[in-house]
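A.B. asks: coords please:
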Amino acid sequence: MSNFMKVSQSRRKHPPFVSGRLAFSFALGLMAFAPSPVLANVDANTSMSVQQQKQSINGVVKDANGDPVIGASILANGTPVGVTDMDGRFSVSVAPGTELKISYVGFATQSVMVRSGVTNYNITLKDENSALSEVVVVGYGTQKKANLSGSVAQLDSKALENRPISNVSSGLQGLLPGITVTGADGAPGLDNGTILVRGVGTLNSASPYILIDGVEAGTLNSLDPEDIASISVLKDASSAAIYGSKASNGVILVTTKRGQNGAPKVSYSGYFGIQNATALMERMNSADAAYYYNKALERSGKAARFSDEAIKKFRDGSDPYNYPNTDWYDLAFKTAWQNRHSVNITGGNEYVKYLASAGYLKQSSILPNAGREQFNGRANLDMVLSKRITAHLNLAYIQNNYRDASSAYAGGSSDQIIRQLNIIAPWIVYKYEDGTYGTVSDGNPMAWLESGMTVNRNNRNFTGMIGLDYQILKDLKLTLQGAYVDASQRYSYFQKFIQYNPNKASDPNKLEIAHYDWHRTTFDAFLNYDKSFAQHNFKAMLGWHTERYKYLPDWMYRKNFPNNELTDMNAGDASTQQNAGNTRELSMVSYFGRLNYDYAGRYLFEANFRSDASSRFAEAHRWGFFPSFSAAWRISEEPFMESSKSWLNNLKLRASWGQLGNQDALNDYYPWMNTYNLNAKYPFGGQLTPGYYQGSYHLETISWERSTTWGVGLDFTLFGGLTGSLDYYNRKTTGIIMNVSAPAEFALGAYKDNIGALRNQGVELSLAYAKQLNKDWTINVGANFAYNKNKILNLGEGTEYIGSGNRRTAVGQQYNSFFMYKATGKFFNSQQEADDYTAKYGNPFGRKFMAGDLIYEDTNGDNKLDSNDRIYTKHTDIPAITYGFNLGATWKNIDLSMIWQGVGAVSHIYNREVLGEFSGDASHPSTLWKDSWTEDNHNAKLPRVFETGNSPSDMTRAMSTFWLWNTAYLRLKTLQLGYTLPKSALKAIGLEKVRIYYAGENLLTFDALPFNIDPEVTSERGSSYPLLRSHSIGINITF
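C.D. replies: Have a look, this model is predicted:
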């Protein structure tokens, strides 16, 4: 009877508040996410063990710096038996063979097996981030880094902590090889860049698949950087194939922070900072602009517009209303500020671990009226419901309110404002004495800004995930996960009516309101089997996934409101009303699996498969099967390498092959289904009768794009501290979904078919070194480099290229290549030289060649200069080379870190509005035109000045390589300098850790551009927000 009682009490060590009914109810609630029920049997058998003789043991727990860890939890076979004292010491009485687990918040849990006769133990806890580097998050699980056979890059939270970044995507620049982020600018909240993983793999959307804690997110902007524990990027087919059709452009897995064993711990981090443009084009003042405009008119044979007296008045500023010198940039652009605050509480015990966090971000803009305000909250909960059942709950909410300044001309964003600031002439007055505005044909950008006109986007996102782990057997575990994502945006834009002056007014006022709703429900069920015997280690996973997605956009519009104060939709003219709305739905079902095997940790093999069915395709073409295989050989573990262990700690050779899919059919939800337009009318019975018609023909045979990738890699560790990886990959995408023109006789729009093909290949290198030199000094250094190039293989039968103007996607060339005339880089230095050239080639661009004009090359040697002489340039606006360096050092309580990031083999074109032109009031030349060709300046940077459109050098006449700029750069992306207060000074006030720091972002840039524009600007007309330089002061406090 007494033995029975012992067993009963032992079983009560599991959470007393969890009953079988509660566990069953929890599992039943989870099943609601799935379209069909899932049942499991629970083995209730228990076992008894013979009690062994206990022995008293002592130990001390320290961190990596040798400091004692106070209050660490000591568990014996899962049961709490004590905590460490003020010196990090503990004493417990346990039997030999007992497993002790030592845990503390911020450190990885350490396990120690008690051995007979050994009574003293020295235990060092590793920093949690250090432990994370040894375990890598992969699809549906984790793996030891040493056992990886695929290409996975991982980043821990320290790389993003305390940086004054408003989004995660721009924070990734320069940190991971093969990850390219382009197109970022300084728009508050809308400054996220485009992420590419190993280049462009399709002609459609090339964005990677992003998951946060296993739930599809679509963007990294729905995340507070302070909540991130790690980011893993699955780069090759072998690691990404487990996600099948969504993984062809790579996978980004974000893991958020979770609770840890120990007493509740509260942490706060916050900063305040200021922001300015990294670069603004230097433009001429009124006097110089007028002088050079006269020169341009003179070369066109026209009379000067400005007299010498007018130019003098511009220069001396004696009559600012009639002869102004308006600095439009100075009027509009201001210093912006931002502040972020984050607080979290974490703690737990062996039964419940929790983390709750909240964040607030407020950011103004360098333009008036614009800004961003963000609120976010997160709760992560892990619960042991019984000996076999563990539950997980993740809840996250984020609210982002964006405001952007807008114009009364082609409004809806700040794009037109910045464009006008670039081009409006300095001799246009900002305001007259009576308060009215000076204008050009489009209006006045300062009038738009001072009106307070904005476009507003209010975003909401809720994500909930509930999971259940059931340990069926010792080696077999069932995992069930259900998630729901609800996102919405309310868009509103009221374009005001502005009376600039008695002679000029804007268009009538109008109001646009739109509502967008996105809903996604997913369910996953998978089994994991993990078995080892002798030197054989097996892991297997088999799973099922289903999801439903719904998108509901609604839009409404009216104009001609009585005034600018009545902004309700009903106040607008009902006769101008327009509205639209629809519903789009998608669904998927998938089966997936993975098999891992390794022998003695030396020979590694992994196989993945996923089979997806998507509602985007017709039933007969709905399923796609995507397999992958990878293998690795840890050469350093071979007996014959034993003599090299002193300097070669790890050497692993990897190889992989796999196939992935893509279903993004040019943003078409139903590319296989014939659809009809309902707004048609046709004559019948002498009148127009409503009807419908088929707009385009669709093919039912359309199906998945498929990319096949193979690669090899080498991982190494030298001298105990230098780690590195070298990778080569080759990816071929076939069946790319493209628009195909229907025969003209059918009078139908283009249809979609799987016809394109693209090859993408590259190399990647990463190096890292970290070492604690002594008690006071720690250093770490890292570098990464990647090269990528793509080539179009096929665009369909009879199609050599798509695109027009100066950009083409052509067979045998790179995606979206520049296509233009080749300039020699020289100018005609005399009119006779220009006339001789004209005698040979004529005037192919509609204007006479003159001294100072560009010289073009007859590239095909046919003694003609025509469109056949255009060439594809070597570089595109997607950098072929990306690289980064990170440096860090700690001396006692002072820490310093910096990240340098750069790109190479990249070019951009900027249209004539960026450099400025000579066309009158709507033109503002840059100061670079002061170094234009003249009789006395043959080594100029620019050709002769010319009136817009009146020279063969004008890019609108002939876009040439002369106007293609090398935008390679090296940038000091991040600099941090911090000081951690001594622990002795904090004990008296009850704080555990306080760190104060300075952080700067985009501080220095080195590039080859001859004018002052940020090389990351991708807008061809320079009308996007400039990139921002940030300075901030912050503090981290742990209670």
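A.B. asks: CA atoms for contacts and neighbours, from now on please.
C.D. replies: Will do.
A.B. asks: tell me how far Gly348 lies from Gln260.
C.D. replies: Noted for Gly348: a distance of 6 Å to Gln260, by Cα to Cα, to the nearest Å.
A.B. asks: could you name every residue contacting both of those two?
C.D. replies: The contact sets of Gly348 and Gln260 overlap at Tyr354 (Cα atoms under 8 Å, 6 or more residues apart in numbering).
A.B. asks: and the two? Which one has more around it.
C.D. replies: Shown here are Gly348 and Gln260; by other Cα atoms under 10 Å, Gln260 has more neighbours (25 against 20).
A.B. asks: phi, psi of that one?
C.D. replies: Main-chain dihedrals, Gln260, degrees, to the nearest 10: phi -130, psi 160.
A.B. asks: longest helix in the chain, please.
C.D. replies: Secondary structure of the chain per DSSP state H: the longest helix is helix 286-299.
A.B. asks: tell me which strands and helices that one is in contact with?
C.D. replies: helix 308-316 (3 or more Cα pairs under 8 Å, 6 or more residues apart in numbering; DSSP states H and E).
A.B. asks: only alpha carbons, please: show stretch 656-673 as PDB.
C.D. replies: The C-alpha coordinates for stretch 656-673 follow below in PDB (Å, rounded to 0.1, in the frame of the first residue of the first chain):
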ATOM      1  CA  SER A 656      22.400  19.300 -52.400                       C
ATOM      2  CA  TRP A 657      19.800  19.100 -55.100                       C
ATOM      3  CA  GLY A 658      16.100  19.900 -55.000                       C
ATOM      4  CA  GLN A 659      13.100  21.300 -56.800                       C
ATOM      5  CA  LEU A 660      10.800  24.100 -55.600                       C
ATOM      6  CA  GLY A 661       7.600  25.600 -57.000                       C
ATOM      7  CA  ASN A 662       6.000  29.000 -57.500                       C
ATOM      8  CA  GLN A 663       2.300  29.700 -57.900                       C
ATOM      9  CA  ASP A 664       2.300  33.500 -58.000                       C
ATOM     10  CA  ALA A 665       0.700  34.000 -61.400                       C
ATOM     11  CA  LEU A 666       1.200  37.700 -62.000                       C
ATOM     12  CA  ASN A 667      -1.100  38.500 -59.000                       C
ATOM     13  CA  ASP A 668      -3.900  36.500 -60.600                       C
ATOM     14  CA  TYR A 669      -6.000  34.400 -58.200                       C
ATOM     15  CA  TYR A 670      -7.600  32.400 -61.000                       C
ATOM     16  CA  PRO A 671      -5.200  32.200 -64.000                       C
ATOM     17  CA  TRP A 672      -6.900  29.100 -65.400                       C
ATOM     18  CA  MET A 673     -10.500  30.300 -65.200                       C
END
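A.B. asks: now the helices for the chain?
C.D. replies: 2-11, 20-31, 128-132, 168-171, 237-240, 286-299, 308-316, 328-332, 415-423, 445-450, 831-841, 912-915, 983-986.
A.B. asks: and those: which comes nearest Asn192?
C.D. replies: helix 168-171 (5.9 Å; Cα to Cα).
A.B. asks: ok, back up a step: starting at the chain centroid, how far to the longest helix of the chain?
C.D. replies: Taking Cα atoms, centre = their mean, to the nearest Å, one finds the center of helix 286-299 at 45 Å from the center of the full chain.
A.B. asks: next, the angle helix 308-316 makes with that helix.
C.D. replies: Helix 286-299 and helix 308-316 are oriented at 150 degrees to each other (axes from the mean of the first three to the mean of the last three Cα atoms, to 10 degrees).
A.B. asks: need the residues that contact helix 286-299.
C.D. replies: Contacts of helix 286-299 (Cα under 8 Å, 6+ apart): 303-306, 311-312, 314-315, 324-326, 425-427, 918-920, 924-925, 945-947.
A.B. asks: buried residues, that helix. List them.
C.D. replies: Within helix 286-299, the residues that count as buried by 16 or more other Cα atoms under 10 Å are 286-299.
A.B. asks: just checking, Ile212 touches Val254?
C.D. replies: Yes. With contact defined as Cα atoms under 8 Å, Ile212 and Val254 form a contacting pair (4.7 Å).
A.B. asks: of these two, who's got more company?
C.D. replies: Legend: neighbour count by other Cα under 10 Å for Ile212 and Val254, higher for Val254 (26 against 20).
A.B. asks: which residues touch that one?
C.D. replies: Val254 makes contacts with 210-214, 228-232, as judged by Cα under 8 Å, 6+ apart.
A.B. asks: pairing partners for the nearest residue to Trp544 once chain neighbours are set aside in the sheet, please.
C.D. replies: Excluding the flanking residues, the one nearest Trp544 by Cα to Cα, 6 or more residues apart in numbering is Tyr591, at 4.6 Å. Beta-bridge pairing of Tyr591 under DSSP bridges involves Trp544, Ser611.
A.B. asks: so Tyr591 is in contact with Met541, correct?
C.D. replies: No. Taking contacts as Cα under 8 Å, Tyr591 lies outside contact range of Met541: 10.9 Å.
A.B. asks: so, low pLDDT: which residues of the stretch 151-300 of the chain?
C.D. replies: Where the stretch 151-300 of the chain drops to pLDDT under 70, the residues are 191.
A.B. asks: where along it do the strands fall?
C.D. replies: For the stretch 151-300 of the chain, strands defined by DSSP state E, counting those that start in this stretch occupy the ranges 152-156, 179-182, 194-197, 209-212, 215-216, 228-234, 251-256, 262-277.
A.B. asks: hmm, Gly803 is touching Ser817, no?
C.D. replies: No. Between Gly803 and Ser817 there is no contact under Cα under 8 Å: 9.7 Å.
A.B. asks: for Lys496, give its distance to Leu468.
C.D. replies: Computed as Cα to Cα, the Lys496 to Leu468 distance reads 54 Å.
A.B. asks: these two: which is more packed in?
C.D. replies: Each of Lys496 and Leu468 has its neighbours counted (other Cα under 10 Å); Lys496 has more, 28 against 24.
A.B. asks: skipping adjacent residues, who's closest to the more buried one in space?
C.D. replies: According to Cα to Cα, 6+ apart, the nearest residue to Lys496 is Asn509 (4.7 Å).
A.B. asks: how far out from the middle of the chain is stretch 723-738?
C.D. replies: Distance, stretch centre to chain centre, for stretch 723-738: 19 Å (Cα atoms, centre = their mean).
A.B. asks: kindly apply the preceding question to stretch 995-1011 instead.
C.D. replies: Using Cα atoms, centre = their mean, the mean C-alpha position of stretch 995-1011 is found 20 Å from that of the whole chain.
A.B. asks: circling back to that earlier point, whichever of the contacts of helix 286-299 end up buried, select them in PyMOL.
C.D. replies: A single PyMOL command selects the buried members of these (16+ other Cα under 10 Å):
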select buried, resi 311+314+315+324+325+326+425+426+427+918+919+920+924+925+945+946+947
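A.B. asks: stretch 886-903 spans what distance, first to last residue?
C.D. replies: Stretch 886-903 has an end-to-end distance of 15 Å (Cα to Cα).
A.B. asks: just how off-centre is that stretch within its chain?
C.D. replies: Centroid displacement of stretch 886-903 relative to its chain, using Cα atoms, centre = their mean, is 23 Å.
A.B. asks: please apply the same query to stretch 139-157.
C.D. replies: Distance of stretch 139-157 from the chain centroid (Cα atoms, centre = their mean) equals 20 Å.
A.B. asks: for stretch 321-330, same thing?
C.D. replies: Distance of stretch 321-330 from the chain centroid (Cα atoms, centre = their mean) equals 39 Å.
A.B. asks: what's the closest residue to Arg558 other than its chain neighbours sitting at in phi/psi?
C.D. replies: Closest residue to Arg558 apart from its sequence neighbours, by Cα to Cα, 6+ apart: Gln577 at 4.7 Å. In this entry, Gln577 is assigned phi and psi values of phi -60, psi 140 (degrees, to the nearest 10).
A.B. asks: got it, and Gly214?
C.D. replies: Backbone torsions for Gly214, taken as degrees, to the nearest 10, come to phi 80, psi 0.
A.B. asks: what is the neighbour count of Gln832?
C.D. replies: Number of residues near Gln832 (other Cα under 10 Å) recorded here: 12.
A.B. asks: which pLDDT does the model give Tyr484?
C.D. replies: Tyr484 carries a pLDDT score of 97 in this model.
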